[in-house]
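Colleague: Here is my input, please return the structure:
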Amino acid sequence: MAPTVDLVVPLKPPRDGKSRLRGALTSPGDDVHHAELVLALALDTLTAATAAPGVRRVLVVAADPEAIESVKSLSVEIVAEPGAGGLNAAYQYGESVLRAGDPNVIVGALQADLPALRAVDLGAAIALAGGRRAFSPDRQGTGTTFLISAPGLPLDPLFGVGSAGRHANSGALTLDARLSLRSDVDTADDLLEARLLGVGEHTKAILDRHCSPL
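Modeller: Numbers count the residues shown, from 1 in each chain. The predicted structure follows:
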């Protein structure tokens, strides 16, 4: 049985997120629809995360809670990011919120751009970690899509360019995670790979309206 995990998922305002993904939509008005796409990526990620075996709570740390109003329809908690400290600071803040009521909880840090994520694959990664601090590299093997702490021990997030190497060097176990957990979306090429893998309903709806068929 997978251990119980509480997840932290930071979210920027959709209009400001994923700058390298601008231009990925082929219909006119890409700038208008970019925010819709970024929000859809997050909605599909969170939908899978809340359904994953072993996940107890999902905490969204939002830079602008009002900008992600539709996220409230999911089984997640939302807190406002206390400052502009960056991604790692957002994960650490979320960790502190989750551990305020349960100091020994296992905390997971999940990226919000995994539209092809399958709940069963996230659950498998949690089980594979087996209570150890561990991480999933991205599809290219250089970044990190998911980091999990040991029970009650610091998450110590080291996200950013080259984070896979930093997490490995910090002693975290490298998980042999399934592709849906490794397929984050930063560029148009990443989006294509996720589409081939099969994206969730929110992302699919945007792509069906504003992108060329595969």
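
Colleague: which residues touch residue 109?
Modeller: By Cβ atoms under 8 Å, 6 or more residues apart in numbering, the contact list for residue 109 reads 7-8, 91, 94-95, 146-148, 155, 157, 159. Every C-beta, even on glycine, is put in place using the N, C-alpha and C of the backbone.

Colleague: ok, now with 7 Å
Modeller: Residues in contact with residue 109 (Cβ atoms under 7 Å, 6 or more residues apart in numbering) are 8, 91, 146-147, 155, 157.

Colleague: Using TSV, lay out the residues you listed together with distance to residue 170.
Modeller: Formatted as TSV, the contacts of residue 109 follow (distance: Cβ to Cβ, whole Å):
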residue	distance to residue 170
8	18
91	14
146	15
147	10
155	11
157	10
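
Colleague: JSON lines for these, including secondary structure and pLDDT?
Modeller: Listed next are the contacts of residue 109 as JSON lines, based on DSSP: H, G, I helix; E, B strand; the rest coil; pLDDT from 0 to 100:
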{"residue": "8", "secondary structure": "strand", "pLDDT": "98"}
{"residue": "91", "secondary structure": "helix", "pLDDT": "98"}
{"residue": "146", "secondary structure": "strand", "pLDDT": "98"}
{"residue": "147", "secondary structure": "strand", "pLDDT": "98"}
{"residue": "155", "secondary structure": "coil", "pLDDT": "98"}
{"residue": "157", "secondary structure": "coil", "pLDDT": "98"}
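
Colleague: Now a PyMOL select for only the buried ones of those.
Modeller: Buried subset of the contacts of residue 109, written as a PyMOL selection, criterion 16 or more other Cβ atoms under 10 Å:
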select buried, resi 8+91+146+147+155+157
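
Colleague: Would you state the helices of the protein in chain order?
Modeller: Secondary structure of the chain (DSSP state H): helices at 30-51, 87-101, 119-129, 163-169, 179-182, 188-197, 201-210.

Colleague: and the fifth one, what does it pack onto?
Modeller: Going back to what we said before, that points to helix 179-182. Contact here means 3 or more Cβ pairs under 7 Å, 6 or more residues apart in numbering; DSSP states H and E; on that basis helix 179-182 packs against helix 119-129, strand 134-137, strand 144-148.

Colleague: and the longest one with strand 144-148, angle?
Modeller: So the one you mean is helix 119-129. Comparing the axes of helix 119-129 and strand 144-148 via axes from the mean of the first three to the mean of the last three Cα atoms, to 10 degrees yields an angle of 60 degrees.

Colleague: Give me the contact list for helix 119-129.
Modeller: With Cβ under 7 Å, 6+ apart, helix 119-129 has contacts from 2-3, 5, 48-49, 51-54, 136, 146, 148, 173, 175, 177-178, 180-181.

Colleague: quick revisit: okay, the helices and strands packed on helix 179-182 in JSON lines with distance to residue 107 next?
Modeller: Below are the helices and strands packed on helix 179-182 laid out as JSON lines (distance: least, Cβ to Cβ, whole Å):
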{"stretch": "helix 119-129", "distance to residue 107": "12"}
{"stretch": "strand 134-137", "distance to residue 107": "12"}
{"stretch": "strand 144-148", "distance to residue 107": "7"}
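
Colleague: and among these, the most buried is which?
Modeller: strand 144-148 (a mean of 27; mean count of other Cβ atoms under 10 Å).

Colleague: neighbouring contacts of it?
Modeller: 5, 106, 108-111, 114, 125-126, 129, 133-138, 155, 157, 159, 163-164, 167, 172, 177, 181-182, 184.
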